[in-house]
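Peer 1: Quick one, fold the following:
(2 chains)
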Amino acid sequence: MTSTTSGPEGSGPTELTGLTASELAAKITAGEVSAEEVTRAHLDRIEAVEPDVHAFLHVNGQEALEAARRADEDRANGRAASPLAGVPLALKDVFTTTDMPTTCGSRMLEDWTPPYDSTVAGRLREAGVVILGKTNMDEFAMGSSTENSAFGPTHNPWDLERVPGGSGGGSSAALAAFEAPLAIGTDTGGSIRQPAAVTGTVGVKPTYGGVSRYGLVAFSSSLDQAGPCGRTVLDAAMLHEVIAGHDRMDSTSIDAPVPQVTAAAREGAAGDLRGMRVGVVREFAGEGYQRGVLDSFNAAVDTLTSLGAEVVEVSCPHFEYALGAYYLIAPSECSSNLARFDAMRYGLRVGDDGEHNTEEVMSLTREQGFGAEVKRRIMLGTYALSSGYYDAYYGQAQKVRTLISRDFASAFEQVDVLVSPTTPTTAFRIGERADDPMAMYLADLCTIPSNLAGNASMSVPSGVSAEDGLPVGLQIMAPAMADDRLYRVGAAYETARDAASGSSLVDRIPQLEVAR
Amino acid sequence: MSTISRDEVAHLAGLARLAVSEEELEKFSGQLDVILDAVARVGEVAADEIPPTSHAVPVTNVFRNDEVREGLSREQALRSAPATEENRFRVPRILNEEA
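Peer 2: The predicted structure follows:
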C-alpha cells in the first residue's frame, strides 16, 4: 500500500482498469479500444492482485475473452447489444451459470456447475456484458464479512487486514481493487449496500421484485433481491437497466416498466436537488455509531442541503425492532429453502458406503457441507417455526414487519427519500467478530428495514472516517418502484462530494502491492 | 435463565438433519440463547390487532398457459448427481436392514 505508481510495472490500476464502466463503454463504442483489450487488462489486473484480495472464486478468462470478441464483432457490424456491450463484470457466485461453477461459498456445492443460466446471467450475456468470473461471498449469503465463505475470506483493498463487508464482499472488493468496473450482488439484509459502504463503492438494492430471482440460489425468498454494484452511481444505473424488468420465470417479479434510472443519474449529476424532500432517520444515530461515521453522514446531509434539497428529521419508531424481526424471518425462510440440499440430486454426498441409510447420509452431508453460520441459522429458523414457538417468534416478527412498512409509508408521506448511515462502523478487522454472531448482525442494523418493507435503497460513498481513513457509506432509501430517486439524489451527492474534495473518491483507494 | 437448552438444540439439529458434534452442540446452545434473547424483543411491540406481513409487496398466484416447452434432458438432470444407476438418481437405502 505504499506504491503510488501505475501501469503494468507498478501496482495501481492501469489506464483501462481505472476507468468507469460508462467511460469504457464510450471508448468501446467509439472504437478507441476493443472489448478484448479491456477484458485482457482486467484479467491481468485480477492475476496481479488476487493473491492479496481473493475477490473471486472462479475466473473464466477464455470464456470472457470470447464474449469480448463477440462484442467487438457485433460492434463492427453496427449491432452492439447494449450500451454496456463489451464491458467486464464480476458476478456473485450465487447466480447459476452454465459455463462456471456456482458454489455459493459452500462446500455443499463445491463442484456444482448448474444445468441452466439464471435470468440475471442470461440478461448480462444478451447485453454483451463480459462476465469475468464469480465472486466470493459468505456461505449462502449469510454473513456480513465474507469470512463465512468455505473458500477463505476476501480482503478489503483499503486495508487488507479488514473485511470487505458481506455477504457480497467479493463483488465489492473486486470493484475497489479495480479488478472489474461492474459487479452484481444480492441483498437480503444489506449484502449489497453494507459491502459497498465499507469499500467506498456504490451498491443498490432495487425494489423487491425489480430484478428476477430465477437462478438466484434462495436464502430468504421474501427478502432476497439482486442488484447492481459499481464505482459510480451512473455505472450502477446503466447496469440496473440491463438486469431489471419482468421475468415470467419468477412469480414475484414485478410486471411494470423499469424506473428510468440512467436518465435519473444523468439528471442528478447536474447537481440540482431543489424540490427534493429528504428525511433524516432520527433513530439511526447515537450509541453504537462510530464518531467518524456520524461526522461523515452529517457532512453529507449538509451537502444535500447545499444542493437545494429540503432536509427534515423523520422518526421511524419501529426501525429498532427490525434487526430482531429480520433474524427470525430470514432464518425461518432459510431453514426451509436449504432443506433442498439433501445429498440426493446434486451437490455433496457424504457417507454413502452401503452402511448408512438415506437419512443418515443427509445428516452427515449437511454436517460436513454447511459451515457454522448456516447451521446456526437453520436451527434458529427451525426453532422459530416449530409449534409452541411459532406465535412468539415468527408470528411476532411478521407483525413487526407490518409496523416497519407503516413507518416507511408515513415517512414517505412527508419526504421523497430517507437518508442514514449505511453501517454503524467502518470495516472491522478480519476475525474481530467471528465468534460473536450478535456483534456481526449489528453491521446490518440500518440496511435491514428496506428488505423487510421491500423498498429501494442505495449506498453511495460519503468519504472516509476521520479516525481510521476508511470509507463510509450514505444510505438513500426511496419508496417501492421509485428507484430513480435513489439515482438522482445519489448522483447529485456524488458530484458535489468529489467537487468539494477536489478528487474522485475512487482515486483515493490505496494502491495494492502486487504479489510477485 | 436460558431460553434454549442443549437438549433442545440437539432435537432441532435432528429435525434439520444436521449431525452436529458434541462440541458444536455446546457452542450453538450458548450462541442461540444470546440470539433468541435479542430477537425476542419483537414481542414488545407486536400487539394483537396488528396484521402479520409475509411479503412486502402484495403477491397473488401467477398463472401461465400450460404450454409444452423444452426442459432439461435426462443427461443434464443427472450430470450433477452424486450417484446414478441405469439413467436414474441412485440413493442410499431408505430402510434399515432389520426394518
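Peer 1: Strands of the chain, start to end?
Peer 2: With no chain named, the answer covers chain A. For chain A, the strands defined by DSSP state E occupy A:56-59, A:88-92, A:130-135, A:182-186, A:202-205, A:226-230, A:277-281, A:310-314, A:417-421, A:456-464, A:471-478.
Peer 1: Oops, wrong one, chain B.
Peer 2: For chain B, the strands defined by DSSP E cover B:84-85, B:88-89.
Peer 1: Please name the residues that touch the residue in chain B positioned nearest to chain A.
Peer 2: Proximity of chain B to chain A (C-beta to the nearest C-beta) peaks at B:Ala56, 2.7 Å away. Using the backbone N, CA and C atoms, a C-beta is placed for each residue, glycine as well. Applying C-beta atoms under 8 Å, 6 or more residues apart in numbering or on different chains, we find B:Ala56 in contact with A:208, A:222, A:401, A:405, A:452-455, A:480.
Peer 1: Can you give me the end-to-end span of stretch A:195-205?
Peer 2: In stretch A:195-205, first residue to last residue: 12 Å (C-alpha to C-alpha, to the nearest Å).
Peer 1: what does stretch A:385-394 give?
Peer 2: This stretch, stretch A:385-394, spans 6 Å end to end (C-alpha to C-alpha).
Peer 1: Tell me which residues of it come out buried.
Peer 2: For stretch A:385-394, a neighbour-count test (16 or more other C-beta atoms under 10 Å in any protein chain shown) marks A:385-386, A:389, A:392-394 as buried.
Peer 1: And for stretch A:92-102?
Peer 2: Buried residues in stretch A:92-102, counted by 16+ other C-beta under 10 Å: A:92-97, A:99-102.
Peer 1: That stretch - what's its average pLDDT?
Peer 2: On average, the pLDDT along stretch A:92-102 is 97.
Peer 1: pLDDT at the residue of chain B closest to chain A, what is it?
Peer 2: So B:Ala56 comes in at 86 (pLDDT).
Peer 1: Now it: closest residue in space, sequence neighbours ignored.
Peer 2: Nearest residue to B:Ala56, sequence neighbours excluded (C-beta to C-beta, 6 or more residues apart in numbering or on different chains): A:Gly454, at 2.7 Å.
Peer 1: residues in contact with the one you found?
Peer 2: Listed by C-beta under 8 Å, 6+ apart, the contact set of A:Gly454 reads A:207-209, A:405, A:480, B:55-57.
Peer 1: what bits of chain B have low per-residue confidence?
Peer 2: For chain B, the stretches flagged by pLDDT under 70 are B:1-2, B:97-99.
Peer 1: what's the distance between A:Val49 and A:Gly143?
Peer 2: When distance is defined by C-beta to C-beta, to the nearest Å, A:Val49 is 23 Å away from A:Gly143.
Peer 1: Looking at those two, which one has more neighbours?
Peer 2: A:Gly143 (30 against 25; other C-beta atoms under 10 Å in any protein chain shown).
Peer 1: What part of chain A, helix or strand, is modelled with the least confidence?
Peer 2: Ranking every helix and strand in chain A by mean pLDDT, DSSP states H and E puts helix A:437-441 at the bottom, with a mean of 91.
Peer 1: right, is that helix up against chain B?
Peer 2: Yes. Helix A:437-441 comes into contact with chain B (C-beta under 8 Å from any C-beta of the partner chain), by way of A:437-438, A:441.
Peer 1: Pull out the buried residues from these.
Peer 2: A:437, A:441.
Peer 1: re the thing from before, deepest in the core, which of the strands of chain B is it.
Peer 2: A comparison of these by mean neighbour count, using mean count of other C-beta atoms under 10 Å in any protein chain shown, puts strand B:88-89 on top with a mean of 12.
Peer 1: outside of that strand, which residues touch it?
Peer 2: With contact meaning C-beta under 8 Å, 6+ apart, strand B:88-89 is reached by A:344-345, B:78, B:81, B:83.
Peer 1: Can you say which of these are buried?
Peer 2: A:344, B:78, B:81.
Peer 1: In contact with the residue lying closest to A:Ala218 once chain neighbours are set aside, which residues?
Peer 2: Nearest non-adjacent residue to A:Ala218, counting by C-beta to C-beta, 6+ apart: A:Asn337, 4.4 Å away. Counting by C-beta under 8 Å, 6+ apart, A:Asn337 makes contact with A:218-221.
Peer 1: Can you select the buried ones from those residues in ChimeraX?
Peer 2: This is how ChimeraX selects the buried members of the contacts of A:Asn337, with burial counted by 16+ other C-beta under 10 Å:
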select /A:218,219,220
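Peer 1: could you pull out the helices for the stretch 251-400 of chain A?
Peer 2: A:261-268, A:291-306, A:322-337, A:358-369, A:372-385, A:396-414 (DSSP state H, counting those that start in this stretch).
Peer 1: So which residues of chain B form helices?
Peer 2: All helices of chain B, identified by DSSP state H, fall at B:6-15, B:22-39, B:74-79.
Peer 1: Any part of the last one near chain A?
Peer 2: Yes. Among the residues of helix B:74-79, B:76-77, B:79 lie within reach of chain A under C-beta under 8 Å from any C-beta.
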